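Enquirer: based on what follows, work out the 3D shape:
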Amino acid sequence: MKKIEVDATNESLGRLSSKIAVFLRGKHIASYQPNILPQVEVSVKNLKKVKFTGNKLKGKIYYKYSGYHSGITSRTLEQRWKKDPAEVLRYSVYRMLPKNKTRDKIIKNLKVIS
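Expert: Coordinates of the predicted model:
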């Protein structure tokens, strides 16, 4: 298994997530094949030093629906970041991966080092 370490210092969250998604898919390897899972593990360090541009901390809202009437809850990016920064990054990268059966397998190769 090939290990890649990414430093998140002064990186924008979206640009960092797209870079990690490319590594997790294996697109940086010359022998890339979309139907074969790559043996790549990405570890991210200094996640708390990520920068946010604009008014995203207060303006970006994540919604969650429980399935019941009036069961929608919302949280800002700032609230989610204070609770668990690793989960925010994982969610961002997860949504950049292809929407098929391999997505759940690929995201397991993302490790966050505090």
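Enquirer: so which residue is smack in the middle of this protein?
Expert: The chain has V93 as the residue nearest its centroid, 2.7 Å off, counting by Cα atoms, centre = their mean.
Enquirer: helices and strands around the strand or helix carrying that residue, which ones?
Expert: According to DSSP states H and E, V93 maps onto helix 85-94. Other elements packing on helix 85-94 under the criterion 3 or more Cβ pairs under 8 Å, 6 or more residues apart in numbering; DSSP states H and E are helix 13-25, helix 77-83, strand 110-113. (Glycine included, C-beta is placed from N, CA and C.)
Enquirer: just give me how far the first one sits from the chain centre.
Expert: Taking the mean C-alpha point of helix 13-25 and that of its whole chain, the gap between them comes to 7 Å (Cα atoms, centre = their mean, to the nearest Å).
Enquirer: what comes up buried for the following helix or strand past it?
Expert: Next in sequence after helix 13-25, counting helices and strands by DSSP H and E, comes strand 40-45. Judged by neighbour count (16 or more other Cβ atoms under 10 Å), strand 40-45 contains these buried residues: 40-42, 44.
Enquirer: now I61: how far from L77?
Expert: 8 Å (Cβ to Cβ, to the nearest Å).
Enquirer: which one of the two has more residues nearby?
Expert: L77 (18 against 11; other Cβ atoms under 10 Å).
Enquirer: isn't the more buried one right up against T53?
Expert: No: assessed by Cβ atoms under 8 Å, L77 is found out of contact with T53, at 11.8 Å.
Enquirer: name the residue most distant from the centre of this protein?
Expert: H69 (29.9 Å).
Enquirer: pLDDT below threshold where in this protein?
Expert: Applying pLDDT under 70 to the chain flags no residue at all.
Enquirer: could you rerun that using 80?
Expert: Residues of the chain meeting the criterion pLDDT under 80: 114.
Enquirer: over to the residue lying closest to I36 once chain neighbours are set aside: give its phi and psi.
Expert: Excluding its sequence neighbours, the residue lying closest to I36 (Cβ to Cβ, 6 or more residues apart in numbering) is G26, at 8.0 Å. When read as degrees, to the nearest 10, the backbone of G26 gives phi 90, psi 20.
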